[in-house]
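Asks: Sequence and predicted structure, then a few things I'm wondering about:
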Amino acid sequence: MSDMILKVNDLKIQFKTGKKTVQPIRGVDFSIKKGETLGVVGESGSGKSVTSLAVMGLLPEKTSEIISGEIIFDGKDLTNLKEKQFRKLRGNDISMIFQEPMTSLNPVFTIGEQLSEPLKQHRKMSKKEIESTIIDVLNQVGIPRAEQIINEYPHQLSGGMRQRVMISLALLGQPKLIIADEPTTALDVTIQAQILKLMKDIKKENDMSLLLITHDLGVVAEMCDRVVVMYAGEIVEVAEVNELFDNPLHPYTKGLIESLPSKNTRKNRLYSIKGQVPKPDEITEGCIFANRCPFAFEKCFEETPPIHQFGNHMSKCWLQDSNKDEVS
Amino acid sequence: MEAKILLEIKNLKKHFEISQGMFKEKINVRAVDDISFSIKEGETFALVGESGCGKSTTGRTILRLTDPTDGQIIFKGKNIENLPYNQMRSLRNSMQMVFQDPYASLNPKKTIRQILMEPLRVHSKFPKEERLEKINNMLKIVGLSEEHLDRYPHEFSGGQRQRIGIARAVILQPDFIIADEPVSALDVSVQSQVINLMLDLQKEFGLTYLFISHDLSVIEHMTDRVAVMYLGKIVEIADTEELFANPKHPYTQALISAVPISHPTEEKERIILTGDVPSPANPPSGCSFHTRCPFAMDVCRKVAPEAKEFKNGHKANCHLYTDSEKKEEKEYAINHS
Amino acid sequence: MLDFIIKRFFQVIVVVFLALTVVFFLIRISGDPTTLFLPPDAPKEQIEEYKELLGYNRPLIVQYGDFMFHAIQGDFGESLRSQEDALGIVISRIPATFQLAISALLIALVIAIPLGVLSAYKRNTVFDKVGVALTVVGQAIPSFWLGLILIYFFAAQFKLLPSGGGGTPIHLILPTLTLAAYSVARFTRFTRSAMLDVLRKDYIRTSKASGVPTFRLIMRYALRNSLIPIITLVALDLGVLLGGAVITEVVFSWPGVGRLLMQSLMNRDFPIVLAGVFIIALIYALVNFIADVLYAYVNPQIRVK
Amino acid sequence: MSSSLPQSEQAIKNFVEPKRKSGIETFFSNLLRSWTGMLGFIIILSLILISLLGQWITPFDPYYAEFGKKLLPPMTDGHLLGTDQLGRDIFSRIIMGARVSVIIGLATALIAGLIGTIIGIIAGFFRGWVDVILMRIVDVTLSFPFILLVLVINAIIGAGLRNIIISLAVGGWVIFARVIRSEVLALREKEFITACIATGVSRFEILIKHIVPNLFTPIIILASLQIGTYIIAEASISFLGFGVAPSTPAWGNMLNEGKDYIFSSWWLITFPGLAIVITALGVNLFGDWLRDTLDPELKGE
Amino acid sequence: TEGTSGQDEPSSDGNNNVGNEKDGLVIGFEADAGTLMANSDVNYTTDTQIRNIYDSLIERDGQTGEYIPSLATEWENVDELTWRLTLREGVKFHNGADFNAESVKFSIDYILDETNQSFYRSRWANVEEVTVLSPTEVEIKTSVPFPSLIQRITEDLLIMEPGYVEEVGTDIAAKEPIGTGAYKFVEWSRDNFLKLEANEDYWQGEPAIKEVEFRYIPEFSSRMSAFLGGEIDFFKNIPVDSVAEIESAENAKIGEVSSARINYLALNTFHDGPLQDVKVRQALNYAVNVDELLESILNGYGTKMTGPLAVINSNYVETNDYGYDPDKAVELIEEAGYNPEELTLTLDTPNGRYPMDSHVAQGIASQLQKIGVQVEVQVNEWGNHLEKIQNREMGDMFILGWGPAFDPQSTIENLFTEEAPYSSFYDEEIEAEIQETNAIFNEEDRFEGYANLQHDLVEQAAWVPLWQQADLYAINKDLNFEPRVDEKMQVYEMSWN
Ligand SMILES: Nc1ncnc2c1ncn2[C@@H]1O[C@H](COP(=O)(O)OP(=O)(O)OP(=O)(O)O)[C@@H](O)[C@H]1O
Ligand SMILES: Nc1ncnc2c1ncn2[C@@H]1O[C@H](COP(=O)(O)OP(=O)(O)OP(=O)(O)O)[C@@H](O)[C@H]1O
Ligand SMILES: [Mg+2]
Ligand SMILES: [Mg+2]
């Protein structure tokens, strides 16, 4: 499939902490088409960031291990790429925008110094060219006074400005894919609106694919073409964004959407999912969501459900099993 | 049936002096700058606004967790802004707080039993023998059980901790609870559980809430009245439904319009504000919102707007409405921009 | 900036003033120096006369006032032993002590920072583990013992290096090594952990995501961030070095302030002790001041525009 | 690898059994997991045992000078580590010297820790002018290299075990005061303290019931790290001839007396020095481990 | 015991000299001079060094301690209160100025002038006036008969150049001294070194060694390694236990001399206690086995004494030796009404001031333990020790040294009178006897008087005499150096083979 820019197959990642090992990614499959925005939603700890770091090759070397699976970017499998080759991809073919604009910029270097880095790494450019390129990109993300800003330090900028700088950093290499890991979570709503709009515009202009990680269904609704729902290290549902909101198949996705305050009558109790997200070391046999699922039956506690596919809609739930569809 | 006023805030100010390290001059942060509002018995009053606008500071000042710089705090008809620590202490059994961070607000060295026993002991509430029973009851109400009594906070999840925090506040059966972003730190699926709990408790004990949040959809769902803050000032107060239906202040409008859509097919008109929130240490002159306001006029840069009252206690501080002749026209302009 | 300097200057004055006061009183209540300087057969009258001359028979508070009055003008009295200006004697030893302390500091930095960086880079490898073990052991070795061991091997057994005395660079080797050993261990450890701290930071991940190669990442990005805490530590450790210099100077007969102070303590040559205290407190305060400025310089967040 | 198997099995067992362990149990299971911590613990334990049982386990009278047998090299005439310039058994003296080190280390940590903690709490909790004055005093004390300060004080107030503890404590309390003060300041700002105020707990109770218990960890960590410093400082000062009385078998003294024999009798300076190194090593290892397990965040301190 | 070093290797030792060509000398010295001003600091370390720059009027013979002429050629008593000295002619100071009677007067007046704060002044208090009779003759008048003036002149007085001191002032003169001595000042680096060069016009002839450096190395081990490494050519005060090590080194030899410094165990009679009883004091003399201490602790380095004076003292007479007799000691203590088993005495000692001092104290303690007397040894820092003595706060016994002890009057007067605390012994009769004897001017009567005093002091068991210290030097094998009894290091007397 040549229109796939990224394809992740059965990814499993394991961490060593002390003498224990945990496996926060326990089989993840998804793909992004060229020009598409794919949303990944899931609650804290569901493995969104780990997955994205794996794609960037930025997992901690000593303590983490990809125990199985492939990450195919542009036809190449990244899981067994050498560090040196990976470096050529990063900031060039794939870029990343991180969650915390406050801490993601180095406090002791000027904005200009930090922005020139991907150019120094991937392009042969003179100092002048580098500077003008940076100023161009900064203008593109709507930063005023770009000529001055490049000589300033991160702490002199506000959160929104820093996130814009982060976005411009990602844009510099003109990548085919941008991964944005909760790019607006740390920002205020009004600033979030600015940044989301900016990202939409930029994606359109530059013809890139966007992997947008978030825990906010609103952001998904606003930005994405397709959505992957993660829960405790697994993908439980994948669908077109409209399809997902109109016809969620997995009880977890249903629960999430139902519990949005806007879906509930004012001043009444909200729909809620009981219990809490299991920690990676609490995961047991069967479906990972079974202990919180209002529809769970025996099988759910015994066997891990397979992926059921209905067109472009996938769900990992026994309810979709054709042999067992007595429940609504 | 006009409800009694439980809490009234008049011209409250709280300024912080902070030293900027050794190389810079001290700056004066006007975290809360002359705000007034009142909360009726049994209602849920919301404070909303962007980060750093002074919501928490307002809450903490009302509870006298920090001392106000100026202004009045009248609780149940009694001025409390100058009460000394020990007199304030005895008042605290009727006003309590739920904190944002469920991890930081419980002493890691105390068991749940100790944490819940302390308020009872301090205020000599209930006879000694009954206290444990009350605690067990409370635990049940917040969805925990007796077997959790001797555990330490770190053995609980965030949602459970927040419930313990709520239990601690409610166990004294106070009249008034300030909840400072009680759900912001929680996972989406847990957030609704905690909101439900708060709604239940309000029903059961007839509580009055001051609910601080930046999440407009939560506010819309569970509060009765809302005050919108910007840079230490209240720019608009209204009944919740009224505010969401008919926001007056450009900032409120922008805020509401910035909330992400809840369904992909939803169309939404957006007022995208330019620029960032200015620092409260150095607020703009005149109307502090004028730097980002799409309708800013000359007067906005110079004169701070007075509150303008609309129907049903809906108030907004904006020059657009002070000029009574052009009022209609401008309202129209805003609503159709 | 000027504000800050003035403020710090007052702080230094207060600190030095209090230090002098404390030591003055401690010294005065500890005993009387006269006996040690006069010949043993000196008659009582002469002892009295001598005390009179030095003013040791006046009320303590008067002595203190007098001392402070003169000290403010830089006059700490004359050495009881040599009757030379006490402050002058102390100042004349400063170069030797500085020579020792600075060369130890330099050596420590030159060895420790690359070692710490390397150790952080090669974290959890054998290299790192051996390095960490060595630094733990290094911190446990008291400097005077290390000095003795070095003397035993290099001076006594193999006769390669002189064991003491001042002057030539050759004489500097063993005392410098002795003095530097502890700091090498400490700095290495600290650099390593500062480096590891920085390497965990989000902004390093950002740089990696821009495709910066590891070596450049460490040398250009992480190191500069780590330098901020390292500078603070180094400034604090200059105190340790100055303190350690006392012992090292004694072990290696190095003619610096430390040894002078030691001897003066033994001889009860109090004007020198007080002048020494003054100088050390002053140097220390100054070094801390410089560290603050440096800190401000490398840390743009507090740099003045 | 195979040798660590039982340990990891233990770890797994602890892990699957969510039953809560007692403090001591966790302490040891944590300790078992770190060989450096274990080594430090073993060294400290043996040191304490040696210093308690000193009299009974010395093969010779550590004070008895047998002039005819002076400067015997190690392993002669039943003297494991040889004899010193007065013919006293070095091994026995090192064993007796452990007591001095243990006493100095513990007593100083106790006294300096107590004073420093109280002052730190007062300064941090009450702030205002009390804080300003106390912290100025701390600054003054810190404006002087520790070892030099102790040396000056000790030289002035005179030698002896008691005096050296006094001078070490005078030099040492400031660190505690500083750290504890900043801990208290940080704790004051913690939300759970605010929560106490909001509950209506009295200030005194907040201090005693909520702040002080949270100080134990930093105090213990700091004390364990400082003990090594005190032991080395005592040895240094004794080495310079100011410390405990010269006849006392203390390691610093032994080095002081032995240094004149460095050319002829290496064992006089070797073994007491090693004793100091091993002790300091043990204390440091244990302290590091404590810090790492109790409070990973204190690392930068 | 002259150093009998091992095999004669060809001396190709790297940094060491090759035989005769060497004409410089480096002396390892434990401490800096306090000042280079003559007649100011009584300290041994100062005096030893500056005596190479300044000359005295009268010298001592290095081996016998007898007076010999130096800048003064003759001295005589004109009457009980008047002394006349004849000075050497043709001696020049390093700056070319002539040495003459004026310089002698100036130097003595310097001591006497209060403003100079000379530590010597008390010793010279009896001197009333110095008169210049002619350029080569001075007369000294004393206020009371002052027989020990010659000793004072010998031990204290060094001749300075008046013109120079007046011209540059004392501050400079104290740092860049001018004398008539064998060596001229070159450079002084505090706590580091003092460099001197030969005075080619020295009145006794050109010195064999051309350059001298005193290098200050306070630590013995450092001195030792500097010596073994060939950095220094000789140093004094080696611990007895290191003698063997030095003897076995290739290029080294040991120099030993029985010095004029004596060590003793003082028995305090200043306050009430068993020691006020003569029998107890005698018992202690019986109970201390000096020979054993000398042999086992000092390895035999030291010369045993039996009375208050050392052999080297003028007017020394042999006195009765108590010897070692523990039974007798017990007997005497019991006679005095004490039970030795119940007797506890304190013994204070300095540490490192005298050879093996604190060890000797512990040795004495264990010897006394043998007769049942318990001894508590208290080791003092030197300053405290001295202060305790001077403030008369000592307990029962203490260890101290005294020297250089050449003259009976100074020794006896400073040790056994009520005025002087250094042996803390006082006895009314003895005190009278001392005063009487000191005033005697006639040589024979004086000898008689001191002889009696010595016997009486031994009879009274005024102290437990221990020994004359052995001064031990480590010397480069090729250096000709005869250690002097007065501890001085006169480089003029030395030469290279
Ligand atoms: N370096 C690591 N070592 C060990 N465990 C890790 C590491 N990084 C992540 N994990 C674990 O992996 C799981 C998934 O983490 P991840 O950061 O991907 O979650 P997330 O979905 O991004 O959550 P959030 O919304 O909080 O960012 C978590 O349980 C986390 O504890
Ligand atoms: N203790 C304090 N000292 C100094 N400044 C403070 C202090 N507390 C708050 N501030 C400042 O006062 C302003 C208002 O802070 P506050 O915490 O009340 O905001 P908030 O609306 O609660 O924001 P958030 O949504 O981030 O919690 C901020 O600029 C903050 O930096
Ligand atoms: Mg994440
Ligand atoms: Mg807040």
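Replies: Okay, I see it. Numbering: from 1, shown residues only, chains lettered A, B, ... in the order given. Ligands and ions are numbered 1, 2, ... in the order given.
Asks: Report the closest residue of chain A relative to ligand 2.
Replies: Ligand 2 sits closest to A:Asp188 of chain A, with a gap of 8.1 Å, by Cβ to the nearest ligand atom. Heads up, the C-betas are built off the backbone N, CA and C, glycines and all.
Asks: do you know how far that residue is from A:Gln194?
Replies: To A:Gln194, A:Asp188 is 10 Å away according to Cβ to Cβ, to the nearest Å.
Asks: Same check on D:Leu151?
Replies: Taking Cβ to Cβ as the measure, D:Leu151 falls 63 Å from A:Gln194.
Asks: Quick one: mean pLDDT over the host helix or strand of A:Gly160.
Replies: Under the criterion of DSSP states H and E, A:Gly160 resides in helix A:159-171. What helix A:159-171 shows for mean pLDDT is 88.
Asks: Tell me which residues are up against that helix.
Replies: A:91, A:95-98, A:101-102, A:104-105, A:111, A:114-115, A:118, A:134, A:137-138, A:140-143, A:149, A:154, A:157, A:178, A:180, A:183-184, A:186-188, A:191, A:194-195, A:198-199, A:202, A:206, B:276, C:206, C:210 (Cβ atoms under 8 Å, 6 or more residues apart in numbering or on different chains).
Asks: try 7 Å
Replies: Helix A:159-171 has contacts (Cβ atoms under 7 Å, 6 or more residues apart in numbering or on different chains) with A:95-98, A:101-102, A:104-105, A:111, A:114-115, A:118, A:137-138, A:140-143, A:154, A:157, A:178, A:183, A:186-187, A:191, A:194-195, A:198-199, A:202, A:206, B:276, C:210.
Asks: Got a quick PyMOL command for the buried subset of these?
Replies: Here is the PyMOL command that picks out the buried ones among these, judged by 16 or more other Cβ atoms under 10 Å in any protein chain shown:
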select buried, (chain A and resi 95+96+97+98+101+102+104+105+111+114+115+118+137+138+140+141+142+143+154+157+178+183+186+187+191+194+195+198+199+202) or (chain B and resi 276) or (chain C and resi 210)
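Asks: OK, contacts around the residue of chain A closest to ligand 2?
Replies: Going by Cβ under 7 Å, 6+ apart, A:Asp188 touches B:Glu50, B:Ser51, B:His214.
Asks: Would you pull up the residue in chain B closest to chain A?
Replies: As assessed by Cβ to the nearest Cβ, chain A sits closest to B:Pro260 within chain B, at 2.9 Å.
Asks: Next, count neighbours for that residue.
Replies: B:Pro260 is flanked by 21 other residues according to other Cβ atoms under 10 Å in any protein chain shown.
Asks: Repeat that for E:Leu298.
Replies: E:Leu298 is flanked by 22 other residues according to other Cβ under 10 Å.
Asks: Let me know whether D:Leu168 touches D:Tyr230 as I believe.
Replies: Yes. Using Cβ atoms under 7 Å, D:Leu168 makes contact with D:Tyr230 at a distance of 5.3 Å.
Asks: quick one, which of the two is more surrounded?
Replies: Shown here are D:Leu168 and D:Tyr230; by other Cβ under 10 Å, D:Leu168 has more neighbours (31 against 28).
Asks: so which strand or helix has that one?
Replies: Per DSSP H and E, D:Leu168 falls inside helix D:161-189.
Asks: Go through that helix and flag the buried ones.
Replies: For helix D:161-189, the neighbour count (16+ other Cβ under 10 Å) marks D:161, D:163-181, D:183-184, D:187-188 as buried.
Asks: what helices or strands is it leaning on?
Replies: helix D:90-126, helix D:128-142, helix D:146-157, helix D:216-239 (3 or more Cβ pairs under 7 Å, 6 or more residues apart in numbering or on different chains; DSSP states H and E).
Asks: Would you map the strands across the stretch 101-250 of chain B?
Replies: Applying DSSP state E, counting those that start in this stretch to the stretch 101-250 of chain B gives strands spanning B:176-180, B:208-213, B:225-230, B:233-239.
Asks: Serialize those strands to TSV and add fields for mean neighbour count and distance to chain D.
Replies: Shown next, in TSV, are those (neighbours: other Cβ atoms under 10 Å in any protein chain shown; distance: least, Cβ to the nearest Cβ, whole Å):
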stretch	mean neighbour count	distance to chain D
strand B:176-180	25	8
strand B:208-213	25	13
strand B:225-230	25	21
strand B:233-239	24	23
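Asks: Redo the ones you listed as a markdown table? Include mean pLDDT.
Replies: A markdown table is the format used below for these (pLDDT from 0 to 100):
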| stretch | mean pLDDT |
| --- | --- |
| strand B:176-180 | 94 |
| strand B:208-213 | 94 |
| strand B:225-230 | 94 |
| strand B:233-239 | 94 |
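Asks: can you redo those as CSV with distance to C:Tyr64?
Replies: Formatted as CSV, those follow (distance: least, Cβ to Cβ, whole Å):
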stretch, distance to C:Tyr64
strand B:176-180, 56
strand B:208-213, 59
strand B:225-230, 59
strand B:233-239, 58
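Asks: Show me what the residue nearest the centre of chain A bridges to in the sheet.
Replies: Centroid-nearest residue in chain A, with Cα atoms, centre = their mean: A:Ile213, separated by 2.7 Å. Listed by DSSP bridges, the beta-bridge partners for A:Ile213 are A:Val40, A:Asp181.
Asks: Would you tell me what the next helix or strand after the worst-scoring helix or strand of chain C on mean pLDDT is?
Replies: Lowest by mean pLDDT, DSSP states H and E among the helices and strands of chain C is helix C:34-37, with a mean of 67. Proceeding N to C from helix C:34-37, the next assigned helix or strand is helix C:44-54, under DSSP H and E.
Asks: List of residues touching the helix or strand just after that following helix?
Replies: Later in the chain than helix C:44-54, the nearest helix or strand by DSSP H and E is helix C:60-72. With Cβ under 7 Å, 6+ apart as the contact definition, helix C:60-72 has outside contacts at C:Leu20, C:Phe24, C:Arg28, C:Gly55, C:Gly77.
Asks: now those residues in CSV, with secondary structure and neighbour count?
Replies: Shown next, in CSV, are the contacts of helix C:60-72 (DSSP: H, G, I helix; E, B strand; the rest coil; neighbours: other Cβ atoms under 10 Å in any protein chain shown):
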residue, secondary structure, neighbour count
C:Leu20, helix, 21
C:Phe24, helix, 20
C:Arg28, helix, 17
C:Gly55, coil, 12
C:Gly77, coil, 20
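Asks: now, which of those residues sits nearest D:Phe28?
Replies: The shortest approach to D:Phe28 among the contacts of helix C:60-72 belongs to C:Leu20, at 50.9 Å (Cβ to Cβ).
Asks: residues in contact with that closest one?
Replies: Applying Cβ under 7 Å, 6+ apart, the residues contacting C:Leu20 are C:Ala71, C:Leu274, C:Val277, C:Phe278.
Asks: Report the central residue of chain B.
Replies: The centre of chain B sits closest to B:Ile212, judged by Cα atoms, centre = their mean, with a distance of 2.5 Å.
Asks: got a list of what that one touches?
Replies: B:Ile212 is in contact with B:Leu47, B:Lys55, B:Ser56, B:Gly59, B:Ala179, B:Asp180, B:Glu181, counting by Cβ under 7 Å, 6+ apart.
Asks: Let's see that with 8 Å instead.
Replies: Contacts for B:Ile212 (Cβ under 8 Å, 6+ apart) come out as B:Ala46, B:Leu47, B:Val48, B:Lys55, B:Ser56, B:Thr58, B:Gly59, B:Ile178, B:Ala179, B:Asp180, B:Glu181.
Asks: so how far is B:Ala3 from it?
Replies: Applying Cβ to Cβ to B:Ile212 and B:Ala3 gives a distance of 21 Å.
Asks: can you check E:Asp113 too?
Replies: Taking Cβ to Cβ as the measure, E:Asp113 falls 102 Å from B:Ala3.
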